[in-house]
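K.L.:
sequence unknown, structure follows:
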């Protein structure tokens with residue numbers, strides 16, 4: 001018997017069609033899955049915010065001629081990972097088959113729908129939130145929905161991969177990506193902006209938040225990556241700074257913004273800025289549009305260094321992480337086989 005193991009490559013998701021039919025449901029789900037974790041909004045207000053955001057995004061992206069690539073890249077990552085895992089036939093002494101699917105929080109196919117599909121046909125589920133910094137808004141969403149759909153059996157059947165940022169091999173992948181993609185064109189004084197999604201640090205009343213927003217993890221990841229870059233013999237950057245892409249509402253946001261980084265670069269005499277979105281695993285509008293526009297608006301010549309995307313080294317490393325997680329789950333299930341016969345019957349017998 002083959003033990004099917006589902007692997008869900010999960011990210012936020014951005015629409016591929018710039019229509020209200022696509023944008024409004026996406027905006028609504030952002031409010032439902034993310035905003036609701038820090039604020040309770042009346043239904044009419046949520047509908048108004050979702051509509052306003054959709055109209056604004058449609059207008060801005062069409063004016064700029066911007067076409068989001070996040071979903072396309074996530075599919076490419078899914079396919080690349082599936083290709084690597086299809087050669088794995090045995091784990092922990094069992095015949096296995098990996099079923100690799102892409103899923104999204106804000107766009108279809110929705111993460112919870114894919115969870116429901118694989119719940120009855122797969123023995124185990126590996127969830128990969130394609131955001132390297134864990135928080136209530138990233139892997140927290142994945143964990144909460146998995147618990148909701150699997151109940152008590154979630155601990156034996158589901159493994160959410162996290163702590164990507166705190167891995168030495170992953171740091172090396174990021175460093176190599178920077179130096180492989182950056183082109184030194186002239187003898188300029190160049191600053192490197194390491195860009196990430198900003199995080200809240202306090203609520204609207206200045207109180208500490210009770211949830212993990214990923215602030216501490218962002219700072220630690222930044223410091224580790226910065227140190228690795230500075231110690232690399234290829235490094236010629238005159239200055240390296242954290243550039244957070246903050247929103248305007250919801251409370252007090254982290255102060256280490258891209259805007260502040262650009263001001264500090266100017267004071268240091270930086271002549272060119274390179275941007276690497278270390279807080280993302282795939283190019284998206286916050287990275288390859290908003291961050292790029294902000295740097296250009298500040299008057300700097302700039303280079304955008306793409307995210308890891310579906311680069312071979314990253315995909316090889318991710319496949320190893322998946323196999324390690326799958327082995328842990330299979331060993332756990334073997335040790336609890338007697339205690340959970342009903343759950344395993346559902347997982348191994350699609351017709352039950």
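P.N.:
Happy to help now that I have it. Note that the structure is a prediction, hence the values are computed from the model and not measured.

K.L.:
which non-adjacent residue is nearest the residue most central in space within the chain?
P.N.:
In the chain, the C-alpha nearest the mean C-alpha coordinate belongs to residue 131, at 1.9 Å (Cα atoms, centre = their mean). Using Cβ to Cβ, 6 or more residues apart in numbering and skipping residues adjacent in sequence, the residue nearest residue 131 is residue 138, 4.1 Å away. No exception for glycine: its C-beta is placed from N, CA and C like everyone else's.

K.L.:
from residue 230, how far off is the one you found?
P.N.:
Look at residue 138 and residue 230: by Cβ to Cβ, to the nearest Å, they are 27 Å apart.

K.L.:
now do residue 83
P.N.:
From residue 83 over to residue 230 (counting by Cβ to Cβ), the distance is 35 Å.

K.L.:
and residue 178, by the same measure?
P.N.:
As judged by Cβ to Cβ, residue 178 and residue 230 stand 12 Å apart.

K.L.:
go on, residue 1?
P.N.:
52 Å.

K.L.:
which of the two has more neighbours?
P.N.:
residue 230 (11 against 8; other Cβ atoms under 10 Å).

K.L.:
tell me the secondary structure for the residue nearest to that one when sequence neighbours are not counted?
P.N.:
Closest residue to residue 230 apart from its sequence neighbours, by Cβ to Cβ, 6+ apart: residue 240 at 6.9 Å. Per DSSP: H, G, I helix; E, B strand; the rest coil, the local secondary structure of residue 240 is strand.

K.L.:
report the beta-bridge partners for residue 240.
P.N.:
Residue 240 has these beta-bridge partners by DSSP bridges: residue 192.

K.L.:
on the three-state scheme, residue 16 is what?
P.N.:
Following three-state DSSP, the label given to residue 16 is coil.

K.L.:
pretty sure it is touching residue 75, no?
P.N.:
No: applying Cβ atoms under 8 Å as the test, residue 16 and residue 75 come out as separate, 10.4 Å apart.

K.L.:
what sits up against the helix or strand containing residue 145?
P.N.:
According to DSSP states H and E, residue 145 maps onto helix 139-150. Here helix 139-150 makes contact (Cβ atoms under 8 Å, 6 or more residues apart in numbering) with 10, 33-34, 37, 105, 111-112, 115-116, 119, 125, 127, 129, 131, 134, 154, 157-158, 160, 162, 211-212.

K.L.:
and residue 125, what does it touch?
P.N.:
Residues near residue 125 by Cβ under 8 Å, 6+ apart: 5-8, 115, 118-119, 146, 150, 157-159.

K.L.:
tell me which two of those residues sit farthest apart.
P.N.:
The largest separation in the contacts of residue 125, counting by Cβ to Cβ, is between 7 and 150 at 15.7 Å.

K.L.:
okay, these two: which has more neighbours?
P.N.:
Shown here are residue 7 and residue 150; by other Cβ under 10 Å, residue 7 has more neighbours (27 against 17).

K.L.:
did I read that right, the more buried one in a strand?
P.N.:
Yes: Residue 7 sits within a strand when classified using three-state DSSP.

K.L.:
mind checking the longest strand of this structure?
P.N.:
Identified as the longest strand of the chain according to DSSP state E is strand 94-104.

K.L.:
helices or strands next to that strand in the packing?
P.N.:
When contacts are defined as 3 or more Cβ pairs under 8 Å, 6 or more residues apart in numbering; DSSP states H and E, strand 94-104 sits against strand 3-11, helix 70-85, helix 111-119, helix 312-335.

K.L.:
okay, the contacts of residue 125 in JSON lines with distance to residue 186 next?
P.N.:
Below are those laid out as JSON lines (distance: Cβ to Cβ, whole Å):
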{"residue": "5", "distance to residue 186": "50"}
{"residue": "6", "distance to residue 186": "49"}
{"residue": "7", "distance to residue 186": "44"}
{"residue": "8", "distance to residue 186": "45"}
{"residue": "115", "distance to residue 186": "51"}
{"residue": "118", "distance to residue 186": "51"}
{"residue": "119", "distance to residue 186": "56"}
{"residue": "146", "distance to residue 186": "50"}
{"residue": "150", "distance to residue 186": "55"}
{"residue": "157", "distance to residue 186": "55"}
{"residue": "158", "distance to residue 186": "51"}
{"residue": "159", "distance to residue 186": "48"}
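
K.L.:
mind putting these in CSV, distance to residue 271 and pLDDT included?
P.N.:
Converted to CSV, those look like this (distance: Cβ to Cβ, whole Å; pLDDT from 0 to 100):
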residue, distance to residue 271, pLDDT
5, 51, 96
6, 49, 98
7, 45, 98
8, 44, 98
115, 49, 96
118, 51, 95
119, 55, 92
146, 48, 90
150, 54, 89
157, 54, 92
158, 49, 94
159, 47, 94
